[in-house]
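# Quick one, structure for this:
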Amino acid sequence: MLFMVIERFENGDMAPVYRRLAERGRQLPAGLDYVASWVAADYSRCYQVMACEDRSLIDLWTEQWRGTGVLFEEVVPVVTSAEAQAAWAAKRG
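Predicted coordinates for the structure are as follows:
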């Protein structure tokens with residue numbers, strides 16, 4: 001299952017987060033995989049797609065990042081556009 005993780009950099013400052021990332025990596029628990037990420041053009045937010053079968057793994061991961069300058073605003077289960085299109089087509093018959 002895919003999840004869009006929406007993060008905000010505290011005070012619009014991504015430096016502490018990127019320092020921690022460089023020092024320790026993503027610190028993903030086993031079973032949670034990083035897929036891709038994008039950063040807002042004003043560097044205020046990050047949007048990460050993560051994959052796992054157990055949603056609680058995201059909670060374990062975000063807990064390790066508390067107090068580092070990143071605020072996790074929302075975790076949204078998502079599907080790919082191709083999956084959404086296929087589901088829509090199946091409903092139409």
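# mind checking the SS state of Phe72?
Secondary structure for Phe72, judged by DSSP: H, G, I helix; E, B strand; the rest coil, is strand.
# give the contact list for the nearest residue to Pro77 once chain neighbours are set aside.
Excluding the flanking residues, the one nearest Pro77 by CB to CB, 6 or more residues apart in numbering is Phe3, at 5.7 Å. C-beta coordinates here come from the backbone N, C-alpha and C atoms, glycine included. Neighbouring residues of Phe3 by CB atoms under 8 Å, 6 or more residues apart in numbering: 49-52, 55, 58, 75-78.
# if we go to 7 Å?
50, 58, 75-78 (CB atoms under 7 Å, 6 or more residues apart in numbering).
# Return the subset of the residues you listed lying in strands.
Judged by DSSP state E, the contacts of Phe3 include 50, 75-78 as members of strands.
# between the residues you listed, which has the most around it?
Per-residue neighbour counts (other CB atoms under 10 Å) across the ones in strands among the contacts of Phe3 peak at Met50, which has 22 neighbours.
# Quick check: closest non-adjacent residue to Val49.
Val35 (4.1 Å).
# Can you tell me how far Thr62 is from Gln48?
Distance of Thr62 to Gln48, computed by CB to CB, to the nearest Å: 11 Å.
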